[in-house]
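> Structural data only, the sequence is not supplied:
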């Protein structure tokens, strides 16, 4: 029964990934693409957690921990770049 | 469960391909840097699917965190010299 | 008992993924940049926290790592969204036509 929930959750997260990727490629301004990058990072944390559950190995969660720590550094850097004007 | 892993691998591979094409074809420099960071971000999930958590950890820390930060640091410095 | 915990965890996983889907949908459908940042940041934060909670019901021995990941997301994700929105506001990104109130601009106008 858990498998069905995992399938549904992975499908929904995959659709969300594709939508955010569409905004990343299409996005009219550069800040739109950065917002899409932020969302893509969070969705990939979900992907890592799902992979860790499927493979049943807790060590995979360390990668998600590094993601959660480091993901906002890139966004902060590009925000500082935007503040000074493109 | 194997079908699900194959589907996830295909999805992440398509994402890597889209981000890499974006990094090549975009006109603006910061978006190219962000797209290169996205490539290494998703590539580390692919490493994780291939059962290499240490390589994935290094790729996430170096490729996605440090390289993006370093590129923007250098970009700020370069443009600051240009204006003076 | 174990089946009940599995059911609750799976339900939380699906709920969180639905919030992620709403975030992606809002990122595509919203009219201007600030709405997109808002829709993306809020829904994905809640969705990821729900997914981590559901994973705690499925695998209780991973509790500490899941708690740490949730705390980091709770700290960093709103910060990055706020910094990005402030930077975009400072360089004068155009707002959509239906925007009626802009508190940050009022504050900046009073200060200068």
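Happy to help now that I have it. None of the values given here were measured: they were computed from a predicted structure.
> Can you pull up the most central residue in the chain?
No chain was given, so I picked chain A. Taking CA atoms, centre = their mean, the centroid of chain A lies closest to residue A:41, which sits 2.3 Å from it.
> you looked at the wrong chain, it should be chain C
Chain C has residue C:42 as the residue nearest its centroid, 2.6 Å off, counting by CA atoms, centre = their mean.
> Secondary structure element holding the closest residue to residue C:104 other than its chain neighbours?
Take residue C:104 and drop its neighbours on the chain: the residue closest to it by CB to CB, 6 or more residues apart in numbering or on different chains is residue C:89, 5.8 Å away. C-beta: built from backbone N, CA, C; applies to glycine. Assigned by DSSP states H and E, residue C:89 belongs to helix C:63-90.
> what does the average pLDDT come to for that helix?
Helix C:63-90 shows a mean pLDDT of 89.
> tell me what that helix is packed against?
Other elements packing on helix C:63-90 under the criterion 3 or more CB pairs under 8 Å, 6 or more residues apart in numbering or on different chains; DSSP states H and E are helix A:30-55, helix A:61-83, helix C:33-58, helix C:103-111.
> what does the shortest one contact?
Residues external to helix C:103-111 that are found in contact with it (CB atoms under 8 Å, 6 or more residues apart in numbering or on different chains): C:86, C:89.
> model confidence over that helix, on average?
For helix C:103-111, the per-residue pLDDT averages 75.
> Over to the first one?
Mean pLDDT, taken over the full extent of helix A:30-55, equals 89.
> how big is the angle separating that helix from helix A:61-83?
Comparing the axes of helix A:30-55 and helix A:61-83 via axes from the mean of the first three to the mean of the last three CA atoms, to 10 degrees yields an angle of 180 degrees.
> If you compare the directions of helix A:30-55 and helix C:33-58, what angle comes out?
Going by the same axes, to 10 degrees, helix A:30-55 makes 10 degrees with helix C:33-58.
> repeat for the second one
What separates the directions of helix A:61-83 and helix C:33-58 is an angle of 170 degrees, with the same axes, to 10 degrees.
> ok, now the shortest one?
Orientation note: helix C:103-111 sits at an angle of 130 degrees relative to helix C:33-58 (the same axes, to 10 degrees).
> Relative to residue B:44, how far out is the residue lying closest to the residue nearest to the centre of chain A once chain neighbours are set aside?
In this structure, residue A:41 finds its nearest non-sequential neighbour in residue A:71, 4.1 Å apart by CB to CB, 6+ apart. From residue A:71 over to residue B:44 the distance is 12 Å, taken as CB to CB, to the nearest Å.
> Let's verify residue C:92: helix, strand, or coil?
Put simply, residue C:92 is coil when judged by DSSP: H, G, I helix; E, B strand; the rest coil.
> Give me the neighbour count for it.
Residues near residue C:92, counting by other CB atoms under 10 Å in any protein chain shown, number 8.
> got a pLDDT number for residue C:59?
So residue C:59 comes in at 87 (pLDDT).
> Who are the contact partners of the residue nearest to it when sequence neighbours are not counted?
Ranked by CB to CB, 6+ apart and with sequence neighbours excluded, the top spatial neighbour of residue C:59 is residue A:53, at 6.6 Å. Shown in contact with residue A:53 (CB under 8 Å, 6+ apart): A:6, C:55, C:58, C:59.
> Give me the buried positions along stretch C:18-38.
Neighbour counts using 16 or more other CB atoms under 10 Å in any protein chain shown place C:18-28, C:30, C:32-37 of stretch C:18-38 among the buried residues.
> quick one: is it near chain B?
No: on the criterion CB under 8 Å from any CB of the partner chain, stretch C:18-38 is out of touch with chain B, staying 12.7 Å away.
> Name the surrounding residues that touch that stretch.
Here stretch C:18-38 has contacts from A:12-13, A:15-20, A:22-23, A:29, A:31-32, A:35-36, A:39, A:42-43, A:46, C:39-40, C:42-44, C:46-48, C:50-51, C:81, C:84-85, C:88-89, C:93-96, C:98-99, using CB under 8 Å, 6+ apart.
> same thing with stretch C:42-57?
So stretch C:42-57 is contacted by A:9, A:39, A:42-43, A:45-46, A:49, A:53, C:5-6, C:8-13, C:15-20, C:22-23, C:26, C:62-63, C:66-67, C:69-70, C:73-74, C:77-78 (CB under 8 Å, 6+ apart).
> Weed out the non-buried ones from those.
Among the contacts of stretch C:42-57, the ones that count as buried by 16+ other CB under 10 Å are A:9, A:39, A:42-43, A:45-46, A:49, A:53, C:9-10, C:12-13, C:15-20, C:22-23, C:26, C:62, C:66, C:69-70, C:73, C:77.
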